[in-house]
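Visitor: from the sequence below, what's the structure:
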Amino acid sequence: MTDLDKIVEKLQSKLLADRKVRAVAQAGSYGGDDAWPGSVPTLIAFERGILSPQTDTRLGATVLRYPYERLEEWRDWEQARQSAPLGQLATSRVVYDPTGHFGRIQRMLWTLSDERLAEYRGELLRSAEQQLRAARDGLGGPAQAAEQLAALTLARRLATEQLYPALLTHARLWPEFELRLPHAWRAAAGLKFPKGVYWLEQLYGFGGHEEARRTLLATRGLKMLTQEKHARAAIACGYYDGAVRYLRDEAARLHAEDLSRWAYLSSARRERLGTLLGVTRSPLGPAALQIAGELLVAAREGE
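Guide: Numbers count the residues shown, from 1 in each chain. The predicted structure is shown next:
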């Protein structure tokens, strides 16, 4: 047993002994059949006495805490689809569930009717379509660099958070969002939905080991030590595109203000962020929105 295993075991035992905690589950690949050296231990806990979701990360393990009331509410599909982390709940492994509510939530998600899945898919697609239309209208004439980058980051966010989950509903699957995401979407959807996976890949400008190495080096000086650590573990295991996708999205999240002030950044900072985001390898502005639109069509048609 590794030191991390001991930390997770102790953390899980502490949660199980806490009378305020009414359900515990393991999320992600750690401890499962698809575990790898870079797996991040993640526990889901439903707890009395908290009013909103909380995330605690200590000593390499993460606990996602939700109010106990959500455990009751999310048994109902209409409430769950509005606010629940559906993929996370559907793919987690229950450890402690004395009320049986967590199990009911999972069975509900696993056995949704085709009609309900179609309605859910339609909601995701309509939301993405509205945001893409607003972004196109906002670009207007020739886009400045900051607008070009904003379009790219929006296209990537919609692709991973709404369009990819919509695509998977055709196969009654739920997405797992971890560092190996590109490798997961190839395994889950590559054969069934080749067009969708193709458009997903186009948004990120993957380039194998060499691009992963360049992207990792670009994190220096950008206060991304945690992200660098996770990406380095992925590269060591051969998940090159996973590391690139992770660093691109994390850079956009952590340095959103820099992206909006692109013209005012130093040339050195622009160069590092440009490498991280893959600006020379990825579609920008209207081209990024167009690719997201193609992905939307593939997700709608199940292609």
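Visitor: all contacts plus neighbour counts: C-alpha atoms, from now on.
Guide: Will do.
Visitor: residues touching the residue nearest to the spatial centre of the chain, list them.
Guide: Nearest to the geometric centre of the chain sits residue 177, at 4.0 Å (CA atoms, centre = their mean). Applying CA atoms under 8 Å, 6 or more residues apart in numbering to residue 177 gives the contacts residue 28.
Visitor: state the helix or strand in which it lies.
Guide: Using DSSP states H and E, residue 177 is not contained in any helix or strand.
Visitor: which residues does the helix or strand where residue 149 lies contact?
Guide: According to DSSP H and E, residue 149 maps onto helix 145-158. Applying CA under 8 Å, 6+ apart, the contact partners of helix 145-158 are 128, 132, 135, 139, 203-204, 249, 252, 259-263, 283-286, 288-289, 291-292.
Visitor: what's the following helix or strand after that helix?
Guide: helix 164-168.
Visitor: tell me which strands and helices that following helix is in contact with?
Guide: With contacts taken as 3 or more CA pairs under 8 Å, 6 or more residues apart in numbering; DSSP states H and E, helix 164-168 sits against helix 114-139, helix 285-301.
Visitor: what residues does the shortest one touch?
Guide: When contacts are taken as CA under 8 Å, 6+ apart, the neighbours of helix 285-301 outside the stretch itself are 121-122, 125, 128-129, 132, 135-136, 139, 143, 147-152, 155-156, 158-159, 163-164, 166-167, 193, 195-196, 199-200, 202-203, 282.
Visitor: ChimeraX command for the buried members of these?
Guide: Here is the ChimeraX selection string for the buried members of the contacts of helix 285-301, based on 16 or more other CA atoms under 10 Å:
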select :121,125,128,129,132,135,139,147,148,149,150,151,152,155,156,158,159,163,164,166,167,193,195,196,199,200,202,203,282
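Visitor: just the helices in the stretch 151-300 of the chain please.
Guide: With DSSP state H, counting those that start in this stretch as the definition, the stretch 151-300 of the chain shows helices at residue ranges 164-168, 181-189, 194-202, 208-217, 225-236, 240-254, 256-260, 267-277, 285-301.
Visitor: count of neighbours near residue 188?
Guide: The tally of other residues near residue 188 (other CA atoms under 10 Å) stands at 17.
Visitor: report the separation between it and residue 84.
Guide: Computed as CA to CA, to the nearest Å, the residue 188 to residue 84 distance reads 22 Å.
Visitor: also residue 181?
Guide: Distance, residue 181 to residue 84, using CA to CA: 20 Å.
Visitor: neighbour count winner among those two?
Guide: residue 181 (19 against 16).
Visitor: show the average pLDDT along stretch 224-242.
Guide: Taken as a whole, stretch 224-242 carries a mean pLDDT of 96.
Visitor: for this structure, give me the ranges with low pLDDT.
Guide: 140-142 (pLDDT under 70).
Visitor: how is it partitioned into domains?
Guide: Following automatic domain parsing, the chain resolves into domains at 3-110, 114-301.
Visitor: so how many other residues sit close to residue 263?
Guide: 13.
Visitor: whoops, I mixed them up, residue 37
Guide: Neighbours of residue 37 under the rule other CA under 10 Å: 10.
Visitor: residue 233 is in contact with that one, correct?
Guide: Yes. Using CA atoms under 8 Å, residue 37 is in contact with residue 233, at 7.2 Å.
Visitor: and the residue nearest to the centre of the chain, how far from residue 112?
Guide: Residue 177 is 21 Å from residue 112, by CA to CA.
Visitor: related to what we said a few turns ago, which of the helices and strands packed on helix 164-168 is buried the deepest?
Guide: Comparing the helices and strands packed on helix 164-168 by mean neighbour count (mean count of other CA atoms under 10 Å), helix 285-301 comes out on top with a mean of 22.
Visitor: so what's the gap between it and the chain middle?
Guide: How far helix 285-301 lies from its chain's middle: 18 Å, per CA atoms, centre = their mean, to the nearest Å.
Visitor: next, the angle from it to helix 145-158.
Guide: Inter-element angle recorded for helix 285-301 and helix 145-158: 10 degrees (by axes from the mean of the first three to the mean of the last three CA atoms, to 10 degrees).
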